[in-house]
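Student: need a 3D model of the following:
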Amino acid sequence: MKFDGKLGVQQRVLPSYRVPFFDLLAGHCADGMSLFAGQARPVEMIAGGTTQVARHVEARNLHLFGGAFYLCYQKNFIQWLHETNPDALIVEANPRYLATPAAVSWMHARGRKVIGWGLGAPKPNGFWKRFVGQFDAMLAYSQRGADEYAALGFPREKIFVAHNSVSPAPEKPDDRPLTVHRATILFVGRLQARKRIDSLLRACAELETNPRLLIVGDGPERAALELLAKEIYPSAEFVGAKHGAELTPYFQQADLFVLPGTGGLAVQEAMSYGLPVIVAKGDGTQDDLVREGNGWQIQPENYDALVSTMKNALSDIARLRRMGAESFRIVSEEINIQKMAEAFVRALNATTLS
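Tutor: This is a model prediction of the structure:
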């Protein structure tokens with residue numbers, strides 16, 4: 001499946017976890033792909049990446065204000081369009097990025113299409129309706145996001161779901177034993193307050209089965225969490241930040257992956273190792289990943305739900321193995337970067353040929 005032209009893609013920043021997808025997408029473009037992305041603010045601590053197939057052009061990001069008032073203006077957006085001259089453009093559908101409307105106008109003045117790519121719309125109002133109305137099509141991270149764009153009146157036939165993914169289709173993991181003496185729970189991610197690792201420590205302390213708890217990652221909350229663990233769950237193991245192949249032995253040792261707070265790109269990676277998952281409900285991207293057959297979604301900040309769900313999960317190891325097998329099937333057959341790239345190409349072809 002190919003897009004018969006040159007593609008331009010705008011991003012605020014280029015995180016390392018997106019590089020494999022963009023290089024894969026570039027390989028689907030007959031005349032190549034140019035990626036326009038700048039630098040994050042230091043406080044965000046986003047690890048940048050380097051593309052091999054896509055041509056990355058540095059955006060000059062001007063960061064304005066902060067918190068709920070954050071805005072970003074990419075100074076050289078139009079210059080990049082002039083130099084790249086793409087046949088189609090995909091942009092982040094985020095109204096905080098102030099240069100986007102001018103870029104859309106530039107493309108439309110030349111009879112070319114622009115596709116917005118985003119999580120969805122937080123609420124159906126006039127502002128969001130006008131914002132998404134400038135695009136020729138929408139790419140949504142999830143079915144929930146697609147439904148939110150449709151609720152704004154955006155035509156359903158112009159909305160495409162490209163399930164958010166950061167991993168390729170995996171190879172089949174090794175089979176795990178049907179019985180265990182002591183189950184292992186795994187958390188992988190940045191150690192920050194919104195991840196609710198404190199709740200995970202407290203929940204483990206309430207479990208009579210005394211599971212092994214592996215916490216992989218680093219961040220501003222690590223010292224405080226290690227102190228808390230000494231008080232309430234001293235057997236918890238903090239192994240620090242691990243990346244790439246370094247993560248493999250931890251996923252292989254685990255019986256259950258738990259993400260008690262918001263965010264978390266490691267969920268899909270855990271599933272690729274045949275792990276069932278417990279995750280807090282978030283922005284909709286996990287709705288498509290985590291289903292009754294392979295895990296549990298709980299309300300964020302609901303500690304009692306976390307404890308009861310962990311008890312339920314660990315009460316039947318044979319069921320956990322079946323759910324892990326379903327996790328693997330989902331990321332192998334339905335949600336991976338190959339499927340995501342194919343969805344982008346379908347949207348491009350449907351939009352530019354209409």
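Student: so which elements touch the lowest-mean-pLDDT helix or strand in the chain?
Tutor: Least confident element among the helices and strands of the chain, by mean pLDDT, DSSP states H and E: helix 285-289 (a mean of 80). Here helix 285-289 touches helix 143-151, helix 266-272, going by 3 or more C-beta pairs under 8 Å, 6 or more residues apart in numbering; DSSP states H and E. Every residue, glycine included, has its C-beta placed from N, CA and C.
Student: what is the last one packed up against?
Tutor: Helices and strands touching helix 266-272, by 3+ C-beta pairs under 8 Å, 6+ apart, are strand 184-188, strand 256-259, strand 277-280, helix 285-289, helix 317-333.
Student: just send the helices and strands packed on helix 285-289 back as TSV, with mean neighbour count, mean pLDDT and distance to residue 77 too.
Tutor: Below are these laid out as TSV (neighbours: other C-beta atoms under 10 Å; pLDDT from 0 to 100; distance: least, C-beta to C-beta, whole Å):
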stretch	mean neighbour count	mean pLDDT	distance to residue 77
helix 143-151	20	95	23
helix 266-272	25	92	31
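Student: save these as a markdown table, and put in distance to residue 314 too.
Tutor: As requested, the helices and strands packed on helix 285-289 are arranged in a markdown table below (distance: least, C-beta to C-beta, whole Å):
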| stretch | distance to residue 314 |
| --- | --- |
| helix 143-151 | 29 |
| helix 266-272 | 16 |
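Student: picking that back up, mean neighbour count, the helices and strands packed on helix 266-272: which tops it?
Tutor: Compared across the helices and strands packed on helix 266-272, strand 256-259 shows the largest average neighbour count, a mean of 27 (mean count of other C-beta atoms under 10 Å).
Student: chain center to that strand: distance?
Tutor: How far strand 256-259 lies from its chain's middle: 16 Å, per C-alpha atoms, centre = their mean, to the nearest Å.
Student: break down the chain into its helices, ranges please.
Tutor: For the chain, the helices defined by DSSP state H cover 19-27, 77-84, 100-109, 126-133, 143-151, 197-206, 222-232, 248-253, 266-272, 285-289, 303-314, 317-333, 337-352.
Student: pick the most buried one from the ones you listed.
Tutor: Greatest burial across those, using mean count of other C-beta under 10 Å, falls to helix 266-272, with a mean of 25.
Student: just so I know, which of the helices and strands packed on helix 285-289 lies nearest residue 352?
Tutor: Residue 352 lies closest to helix 143-151 among the helices and strands packed on helix 285-289, at 19.4 Å (C-beta to C-beta).
Student: gap between residue 50 and residue 34?
Tutor: Distance of residue 50 to residue 34, computed by C-beta to C-beta, to the nearest Å: 15 Å.
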